[in-house]
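Student: test case, fold it:
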Amino acid sequence: MFTVQPLACALGAELSGVDLTLELSPKIFKELRRLLVEYEVVFFRDQDISPAQHRSLAASFGPLQTHPAYNTVEGFPEITILESTAENPSKIEAWHSDMTFREHPPLGTVLRSKIIPAQGGDTLWASMTAAYDGLSTPMQKFLADLTAEHDFSYGFKESLAEPGGRDRLAQAVADNPPVIHPVIRTHPESGKKVIFVNSLFTTRILELNNGESEDVLKFLFEHVVTAEYSCRFRWAPNSIAIWDNRSTQHKPINDYFPAHRMLQRITIDGDLPY
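Tutor: Numbers count the residues shown, from 1 in each chain. Modelled structure (predicted):
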């Protein structure tokens, strides 16, 4: 079974002792899912999985999603390519949860590394469970019944502003109108409360006026990335990260320009946040 090495107090663990190129037995997968809920993000080293094995691993958790804005691996439309080069550097700088602009945001994400720069390119994760627990009781009560808008167009505004960007993403914009999610959601497996707004996709809190919404969101965006709620992972080729998108946010550290970095990602369909 797994050997578990926790990375930080709030979240994160490196797992070893299991070969992900092999089909996981029901017993091993059940333990993997339990560890994912417990640690919120888990990491593996030296796992040279094929695209088919990548898809199979992600599909063990549930149906898979596709992404409207990224290139994909040939023959595997579920595997999006996250690539940064000197000619086309990454534009994602903000802390975020994946694809919260969807009515059913992802349950989780399986990300594997293909090309890693010699220096830099780490990723940070933060626990939205720990961030919620770090709020005062009056603030928890204040936020409890609020809802917020999440917008694809807002998250991809830089891409839309590029020459030809609005035409390229026109169908994605049409297919992904703004959606409303609770500011505080309940994790469907742990039953714990988590903060569910992020600076990339969340635009406003519906029950507050514009000034109040901006102030509350600014506070939350700063609060959730407090160092004590976070962990950091140093990538190497053939590393894999699996994270619970319902209870974490993450941020790539773009400190490696002009080096080449390329990862491949699959997102797993989730439930309606409540």
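Student: residues contacting the helix or strand of the chain with the lowest mean pLDDT, please?
Tutor: Each helix and strand of the chain was given a mean pLDDT (mean pLDDT, DSSP states H and E); the minimum falls on helix 157-161 at a mean of 82. The set of residues that contact helix 157-161 without belonging to it, under Cβ atoms under 8 Å, 6 or more residues apart in numbering, is 69, 91, 153, 165, 166, 168, 169, 173. Glycine gets a C-beta too; all of them are placed from N, C-alpha and C.
Student: show me what the helix or strand following it is packed against.
Tutor: With elements assigned by DSSP states H and E, the helix or strand that comes after helix 157-161 is helix 165-168. For helix 165-168, the elements it packs on are helix 157-161, judged by 3 or more Cβ pairs under 8 Å, 6 or more residues apart in numbering; DSSP states H and E.
Student: mind checking how far the helix it packs on is from the chain centre?
Tutor: Here the centre of helix 157-161 is set off from its chain's centre by 20 Å, with Cα atoms, centre = their mean, to the nearest Å.
Student: ok, for residue 229, nearest residue in space, not its chain neighbours?
Tutor: Nearest residue to residue 229, sequence neighbours excluded (Cβ to Cβ, 6 or more residues apart in numbering): residue 130, at 4.4 Å.
Student: any weak-confidence spans in the stretch 1-150 of the chain?
Tutor: Low-confidence segments of the stretch 1-150 of the chain, defined by pLDDT under 70: none present.
Student: the helices in it, which residues?
Tutor: With DSSP state H, counting those that start in this stretch as the criterion, the stretch 1-150 of the chain has helices at 26-39, 51-59, 128-133, 137-143.
Student: the second one vs helix 26-39, what angle?
Tutor: Using axes from the mean of the first three to the mean of the last three Cα atoms, to 10 degrees, the inter-axis angle of helix 51-59 relative to helix 26-39 is 70 degrees.
Student: identify all contacting residues around helix 51-59.
Tutor: Residues external to helix 51-59 that are found in contact with it (Cβ under 8 Å, 6+ apart): 20-21, 23-24, 49, 64, 73, 75-76, 78-79, 110, 112, 264, 266-268.
Student: and that helix, which residues are buried?
Tutor: 51, 53, 54, 55, 57, 58 (16 or more other Cβ atoms under 10 Å).
Student: next: stretch 181-195.
Tutor: 181, 182, 183, 184, 185, 187, 192, 193, 194, 195.
Student: now do stretch 119-126
Tutor: 121, 123, 124, 125, 126.
Student: got the residues you listed as JSON lines, with distance to residue 244 columns?
Tutor: Formatted as JSON lines, the buried residues of stretch 119-126 follow (distance: Cβ to Cβ, whole Å):
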{"residue": "121", "distance to residue 244": "22"}
{"residue": "123", "distance to residue 244": "15"}
{"residue": "124", "distance to residue 244": "15"}
{"residue": "125", "distance to residue 244": "10"}
{"residue": "126", "distance to residue 244": "12"}
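Student: my read: residue 21 touches residue 49, true?
Tutor: Yes - contact between residue 21 and residue 49 holds when scored by Cβ atoms under 8 Å: they sit 5.5 Å apart.
Student: contacting residues for the closest residue to residue 104 other than its chain neighbours?
Tutor: If the residues on either side of it in the chain are set aside, residue 104 comes closest to residue 270, at 5.3 Å by Cβ to Cβ, 6+ apart. With contacts taken as Cβ under 8 Å, 6+ apart, residue 270 has the following neighbours: 62, 104, 105, 106, 107, 108, 245, 246.
Student: repeat the analysis, applying 6 Å as the threshold.
Tutor: Contacts for residue 270 (Cβ atoms under 6 Å, 6 or more residues apart in numbering) come out as 104, 105, 106, 107.
Student: for it, give its distance to residue 102.
Tutor: Using Cβ to Cβ, to the nearest Å, one obtains 8 Å as the distance from residue 270 to residue 102.
Student: quick check: the gap between residue 234 and residue 95.
Tutor: Between residue 234 and residue 95 the computed distance is 19 Å (Cβ to Cβ).
Student: which of those two has more residues huddled nearby?
Tutor: Of the pair residue 234 and residue 95, residue 95 is the one with more neighbours under other Cβ atoms under 10 Å, namely 20 against 11.
Student: so how far is residue 125 from the more buried one?
Tutor: Applying Cβ to Cβ, one obtains 10 Å for the distance of residue 95 from residue 125.
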